[in-house]
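A.B. asks: Sequence and predicted structure are below.
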Amino acid sequence: MQDVAFGAASLIYAGAVLNAFQVLPGGTDLILQRTLIWPSAFLMLSFCLPLLIPPLKRLLARYVWMSFQAGFGQTPVSVLTGVGLLAAAAAFIYWQVAAVAGGGRYPAGVFSGYAAGIGILAAQAVLVRALEQHPEVRPAIEEKDG
């Protein structure tokens, strides 16, 4: 589920960036800065910090394991819920970008926030792979999958 969520979020982000280039004022340099350059820093921080700082890594690994035990990503309802949340976030980005045409604020923060979320999804996907290799966890995963 984490891989699917990461992939879907990344595709949504790519679509939002392409939309931003068609809608936002300020020229290519400004749009690149606000949709790719600054957000990439937030993405890298939110990806690296939970994997490099042991307490954060334990906390996120615990969250991923508890989500698995609760069945998140393993039932149609939970998958649809996850996709619904991603769709809601996508709608918010597109709404923020469209609001600029009506004189709204430049949506730099929404891109950075969404990129940070993608970083956390990527960290979760990495931790899932590590959990799958853990000798005590693997049997529980296979039992639930079977």
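C.D. replies: Yep, that arrived.

A.B. asks: Let's verify Leu32: helix, strand, or coil?
C.D. replies: State at Leu32, reduced to three classes by DSSP: H, G, I helix; E, B strand; the rest coil: helix.

A.B. asks: Compute the number of surrounding residues for it.
C.D. replies: Neighbour count of Leu32, defined by other Cβ atoms under 10 Å: 14. Bear in mind the C-beta positions are built from the backbone N, C-alpha and C, glycine included.

A.B. asks: now it: how far from Ala20?
C.D. replies: Distance of Leu32 to Ala20, computed by Cβ to Cβ, to the nearest Å: 10 Å.

A.B. asks: do the same with Thr28
C.D. replies: From Thr28 to Ala20 the distance is 11 Å (Cβ to Cβ).

A.B. asks: Which of the helices or strands spans Arg105?
C.D. replies: For Arg105, there is no helix or strand it lies in under DSSP states H and E.

A.B. asks: repeat for Arg129
C.D. replies: Using DSSP H and E, Arg129 falls within helix 108-133.

A.B. asks: now do Gly103
C.D. replies: Remark: Gly103 resides in no helix or strand, with elements defined by DSSP H and E.
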